[in-house]
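**Student:** would you be able to build a 3D model of this:
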Amino acid sequence: MKLMADKLFYNCNVISMENRRIDFFAIKDGKIIKTGENDELNEWKVKSNEIIDLDKKTVLPGFIDSHMHLLSYGIKKEKQVDLKNVETIDELINKVKEFIEEKNIKPGEWIVGAGWNHEKFPYKKLPTRYDLDKASKEHPMFFYRTCYHICCVNSKALKVAKINEKTKIPEGGNIDTDKEGKPTGIIRENAIDLINERIPVIDDKEEIKKIIKKSCKDLSKVGITTVHTDDFSYVKDRKTLLKALKELESEGKLPVRMILQLRASNMDDLNFYKELKMQSWQGSDKLRYGPIKIIGDGSLGSRTAALNESYSDELDNKGILTIEPKKLSEIITNAFKKGFDIAVHAIGDRITDLILDIYKRNSTLISKKGLRPSIIHCQISSEDIINKFKENNIIANIQPIFLNTDWTMVEKRVGKKRAKYSYCWKKYLKRGVLCVGGSDAPIEPFNPIYGIYSAVIRKDLRGFPKGGWQSEEKLSVDDAIKLFTYNSAYLSKEENIKGSIKEGKYADFIVLSENIKEIAKDKIKDIKIIKTYVGGKRV
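**Tutor:** Numbering: from 1, shown residues only. Alright, predicted model coming up:
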């Protein structure tokens, strides 16, 4: 008898996202061909080449991270100093000194890093050029804040980049100065490009492939089977990155399905992607093209998120629009006309209002082309904003893990009234807005279990605050899982092939150490991924 299935999995607790009981499932050629209950099990055991007992463990569809920066994560892990956990400026200085000595970095070579957060420092003081000069005056230094929207540099870096009191500040950016008008070493938003263009950028195809492979292994370990990644701004030549990814695919070395967000800041970028036929939601099983990705404002932590009203802790500041409204509208409208979908980074309510209005003006075009535009982050909202999301069918691409870092800071930045409409995902879901889940790694860890925990319990990874921050916004476990499974599959027009355990869909699934529906909610963060399968193959 010809065997019908390559593998059969049974004796498991399947959370299928399809609201039906499944006791076993069979796969062939990378897809699920049968789901059934125990009365059919023996019949299918005979029809299957390999039979796998999952020992009553819980099975979920593979996780989908709807927004992160995979290459940036890999570069940071392999080549940069990690400042994520430093709690004082002195600790930052010492860590940089140790990094220089450990890596034996020669004078004149750049020291790059990321992760510092001045909210952890005494007096919330930003590190300046004078602080960094204590680590080294011979190496130019560049360190992103944890949000990647401001950086601190030392005197050597300012000299290399020729930044001084006479430097013209780019639109949508800022260079902090002291009372004498001299740069302090703190640089914000678009002005960061003045430094970035001086730092050697990765351009070796083989090195890119090596970093991507290592990074994908880390994704697999935490159950991610599809990743939406924004990487084209981290390489010297975008074609080199694309070639590296295509080679990995053809060599069978992509264990994770990838959807490439296409970073753009002008019309030339749109034309570049169009000429290479990188059309949204097209491509292969393992490598697909996503939306045009635009940066609209900054971050809340650095007070560069664009707000309608001033920051509560800096009354003369409403943040920064990193792209002029007329130009933003032109890029978005032309992208829609060319058949591209759109995803815009928007943290403040001012930029979110602006994008939603542009989307509304293009509603006929969006509908005609069957597009699914989204806004990434959606941190500061309002009743009006949530209604606009719903009325125009805009997808909210949220990062629940941001609570791990941000909950102590939000009310300081925007006050109690606006805080009630900040990170308010329950309000979005109640209104019927489709929300999808991501991590924005390397800003935060990309483990989706942490994202689910954050959405359900509204605490940081240490378990604070007691009772959860703005506990009325807690999501159910089911709704939190959907963020990283079915909903994220819908974002990329793949709800018919991903996001749930169902006949006809990819055999992308994970096996958990605990039953996520029964474990105490405070313990969700401790769940481990025992096995990850992509296309029926254990990765």
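
**Student:** now the strands for the stretch 401-539 of the chain?
**Tutor:** Using DSSP state E, counting those that start in this stretch, the strands of the stretch 401-539 of the chain run over 435-437, 509-512, 529-534, 537-538.

**Student:** likewise for the stretch 201-350 of the chain?
**Tutor:** Secondary structure of the stretch 201-350 of the chain, counting by DSSP E, counting those that start in this stretch: strands at 224-230, 257-263, 287-295, 342-346.

**Student:** turn those strands into TSV, columns for mean pLDDT.
**Tutor:** What follows is these, written out as TSV (pLDDT from 0 to 100):
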stretch	mean pLDDT
strand 224-230	98
strand 257-263	98
strand 287-295	98
strand 342-346	98
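
**Student:** those strands: which one's closest to residue 364?
**Tutor:** Set against residue 364 and scored by Cβ to Cβ, these come closest in strand 342-346, at 15.2 Å. No exception for glycine: its C-beta is placed from N, CA and C like everyone else's.

**Student:** before we move on, back to that, ranking the strands of the stretch 401-539 of the chain by burial, who's on top?
**Tutor:** Among those, the stretch with the highest mean neighbour count (mean count of other Cβ atoms under 10 Å) is strand 435-437, at a mean of 27.

**Student:** now for the residue nearest to residue 418 when sequence neighbours are not counted, how many residues are close by?
**Tutor:** Distances taken as Cβ to Cβ, 6 or more residues apart in numbering place residue 380 nearest to residue 418, at 6.3 Å, with adjacent residues excluded. Residues lying near residue 380 (other Cβ atoms under 10 Å) number 29.

**Student:** what angle sits between the one helix or strand residue 185 maps to and strand 287-295?
**Tutor:** Residue 185 is part of strand 183-189, with elements assigned from DSSP states H and E. Going by axes from the mean of the first three to the mean of the last three Cα atoms, to 10 degrees, strand 183-189 is angled at 120 degrees with respect to strand 287-295.

**Student:** helices and strands around the host helix or strand of residue 142, which ones?
**Tutor:** Assigned by DSSP H and E, residue 142 falls within strand 141-145. Helices and strands touching strand 141-145, as assessed by 3 or more Cβ pairs under 8 Å, 6 or more residues apart in numbering; DSSP states H and E, comprise helix 89-103, strand 111-116, strand 150-153, helix 155-160.

**Student:** listing partners with orientation, what would you give for the third one?
**Tutor:** Same thing as strand 150-153. Using DSSP bridges, the strands paired with strand 150-153 in its sheet are strand 141-145 (antiparallel), strand 183-189 (antiparallel).

**Student:** any chance of the helices and strands packed on strand 141-145 in a markdown table, with distance to residue 482 and mean neighbour count too?
**Tutor:** Formatted as a markdown table, the helices and strands packed on strand 141-145 follow (distance: least, Cβ to Cβ, whole Å; neighbours: other Cβ atoms under 10 Å):
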| stretch | distance to residue 482 | mean neighbour count |
| --- | --- | --- |
| helix 89-103 | 39 | 16 |
| strand 111-116 | 30 | 22 |
| strand 150-153 | 34 | 26 |
| helix 155-160 | 44 | 19 |
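
**Student:** per-residue confidence at residue 78?
**Tutor:** Listed pLDDT for residue 78 reads 89.

**Student:** got the strands of the stretch 401-539 of the chain as CSV, with mean pLDDT and distance to residue 261 columns?
**Tutor:** Formatted as CSV, the strands of the stretch 401-539 of the chain follow (pLDDT from 0 to 100; distance: least, Cβ to Cβ, whole Å):
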stretch, mean pLDDT, distance to residue 261
strand 435-437, 98, 13
strand 509-512, 98, 23
strand 529-534, 98, 20
strand 537-538, 97, 26
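
**Student:** so which of those strands is nearest residue 57?
**Tutor:** Taking Cβ to Cβ, strand 509-512 is the member of the strands of the stretch 401-539 of the chain nearest to residue 57, at 5.0 Å.

**Student:** determine how far the closest one lies from the middle of the whole chain.
**Tutor:** Once both centres are worked out by Cα atoms, centre = their mean, to the nearest Å, strand 509-512 turns out to sit 21 Å from its chain's centre.

**Student:** for the stretch 351-500 of the chain, give me the ranges with low pLDDT.
**Tutor:** Judged against pLDDT under 70, the stretch 351-500 of the chain has no low-scoring part.

**Student:** what's the angle from the strand holding residue 142 to helix 89-103?
**Tutor:** Using the same axes, to 10 degrees: strand 141-145 against helix 89-103 is 130 degrees.

**Student:** any buried residues in strand 141-145, and which?
**Tutor:** 141-145 (16 or more other Cβ atoms under 10 Å).

**Student:** now stretch 292-311
**Tutor:** 292-308, 311.

**Student:** isn't residue 33 right up against residue 44?
**Tutor:** No: using Cβ atoms under 8 Å, residue 33 is not in contact with residue 44; the gap is 9.7 Å.

**Student:** overlap in contacts, these two.
**Tutor:** The contact sets of residue 33 and residue 44 overlap at 4-5, 26 (Cβ atoms under 8 Å, 6 or more residues apart in numbering).

**Student:** and for the residue nearest to residue 181 when sequence neighbours are not counted, the neighbour number?
**Tutor:** Beyond its immediate neighbours in the sequence, the residue positioned closest to residue 181 (Cβ to Cβ, 6+ apart) is residue 165, lying 4.4 Å away. Residues near residue 165, counting by other Cβ under 10 Å, number 11.

**Student:** list the residues that contact residue 165.
**Tutor:** Residue 165 sits in contact with 177, 180-183, where contact means Cβ under 8 Å, 6+ apart.

**Student:** likewise residue 105?
**Tutor:** 99, 111, 139.

**Student:** go with 6 Å
**Tutor:** For residue 105, no residue meets the contact criterion (Cβ atoms under 6 Å, 6 or more residues apart in numbering).

**Student:** by residue count, which helix of the protein is the longest?
**Tutor:** helix 205-221 (DSSP state H).

**Student:** packing partners for that helix?
**Tutor:** Contact analysis of helix 205-221 by 3 or more Cβ pairs under 6 Å, 6 or more residues apart in numbering; DSSP states H and E lists helix 70-79, helix 238-250 as its packing neighbours.

**Student:** lowest average pLDDT across these?
**Tutor:** Taking the mean pLDDT of the helices and strands packed on helix 205-221, helix 70-79 comes last: a mean of 94.

**Student:** for the helix or strand just after it, which strands pair with it and how are they oriented?
**Tutor:** Later in the chain than helix 70-79, the nearest helix or strand by DSSP H and E is strand 81-82. With DSSP bridges as the test, strand 81-82 is paired with strand 111-116 (parallel).

**Student:** CA-only coordinates of the partner strand, as PDB, when you get a sec.
**Tutor:** The C-alpha coordinates for strand 111-116 follow below in PDB (Å, rounded to 0.1, in the frame of the first residue of the first chain):
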ATOM      1  CA  ILE A 111      33.600  51.000  18.500                       C
ATOM      2  CA  VAL A 112      29.900  50.600  17.900                       C
ATOM      3  CA  GLY A 113      27.300  49.400  20.400                       C
ATOM      4  CA  ALA A 114      23.700  49.700  21.500                       C
ATOM      5  CA  GLY A 115      21.300  49.200  24.300                       C
ATOM      6  CA  TRP A 116      21.900  51.900  27.000                       C
END
